[in-house]
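Participant: Sequence plus the predicted model coming up.
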Amino acid sequence: MRSFLDDIETVLQRYGFDLYQSDEATYDRKLHRISRVESTDDPALDLTVLERKRRGVRYGDRIIRPESVVIAQYKPPTDVPVSDPE
């Protein structure tokens, strides 16, 4: 199966297509398509790419299929202490 995928990649490259994997650490809507979102309680990790699922395809400067990624999304903790009404 790997040989077949390599052959497809070679044919695509021969016709000017480029299979890419972005080096961006944060989500970029021009380069990425979100396949899954995982919650995080760390605001510094908001919109960080956690996993790259599938390479993207571009033709020249045009993105044909964005890279598929898993990102983190900040969700503030919900366990805020409630004060006693007196």
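Facilitator: All right, it came through fine.

Participant: contacts, neighbours, all on C-alpha from now
Facilitator: Will do.

Participant: buried residues in the helix or strand where V57 lies?
Facilitator: Assigned by DSSP states H and E, V57 belongs to strand 56-59. Residues of strand 56-59 classed as buried by neighbour count (16 or more other C-alpha atoms under 10 Å): G56, V57, R58.

Participant: As TSV, the residues you listed with distance to E24 and pLDDT would be great.
Facilitator: Formatted as TSV, the buried residues of strand 56-59 follow (distance: C-alpha to C-alpha, whole Å; pLDDT from 0 to 100):
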residue	distance to E24	pLDDT
G56	13	96
V57	16	96
R58	16	96
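
Participant: spatially speaking, which residue is in the middle of this protein?
Facilitator: V69 (2.3 Å; C-alpha atoms, centre = their mean).

Participant: Name whatever forms a beta bridge with that residue.
Facilitator: I34, R52 (DSSP bridges).

Participant: ok, it touching L47?
Facilitator: No - V69 sits out of contact with L47 when judged by C-alpha atoms under 8 Å, with a separation of 10.7 Å.
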